[in-house]
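S.K.: no FASTA, just this:
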Ligand SMILES: [Zn+2]
């Protein structure tokens, strides 16, 4: 059961915590985050373990997007695309409220061009 059952948990507080720690030393951030979790896996939904895993943003569930994070050479937590904001992304459907780091997207859904 374990893994599947946990998938329904709301990790919003974890993601907000991580976003608030950008620029700080990763060891302390990771330990503090992991202490609140059964498994460290959700940390790495946002924080890339390897350079090829880095992405500008990560989608969690249907319509919640967060900054992609990584750990730099000085062991500090960083955003992959720090300039990216809620006005830069396109909603993927008209029915959901899309958010980026908890902020509503500025753009409206547009029908795909045919
Ligand atoms: Zn929708």
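M.R.: Sure, I can see it. Note that this is a predicted model, so its numbers are computed, not measured. Residues are numbered from 1 along each chain as shown.
S.K.: now the helices: where do they sit in the protein?
M.R.: 2-6, 12-19, 26-34, 43-46 (DSSP state H).
S.K.: give me the number of residues near residue 67?
M.R.: 22 (other CB atoms under 10 Å). Heads up, the C-betas are built off the backbone N, CA and C, glycines and all.
S.K.: what about it, distance to residue 113?
M.R.: The spacing between residue 67 and residue 113, counted by CB to CB, to the nearest Å, is 28 Å.
S.K.: ok so, going back, the ion is nearest to which of the helices of the chain?
M.R.: When the helices of the chain are ranked by distance to the ion, counting by CB to the ion, first place goes to helix 12-19 at 18.2 Å.
S.K.: put together TSV for the helices of the chain, with mean pLDDT and mean neighbour count on each row.
M.R.: Rendered in TSV, the data for the helices of the chain read as follows (pLDDT from 0 to 100; neighbours: other CB atoms under 10 Å):
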stretch	mean pLDDT	mean neighbour count
helix 2-6	45	9
helix 12-19	96	16
helix 26-34	97	15
helix 43-46	97	18
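S.K.: could you dump those to CSV with distance to residue 101?
M.R.: Conversion of the helices of the chain to CSV gives the following (distance: least, CB to CB, whole Å):
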stretch, distance to residue 101
helix 2-6, 23
helix 12-19, 6
helix 26-34, 16
helix 43-46, 10
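S.K.: what's the closest of those helices to residue 99?
M.R.: helix 12-19 (9.8 Å; CB to CB).
S.K.: tilt between the closest one and helix 26-34?
M.R.: Comparing the axes of helix 12-19 and helix 26-34 via axes from the mean of the first three to the mean of the last three CA atoms, to 10 degrees yields an angle of 170 degrees.
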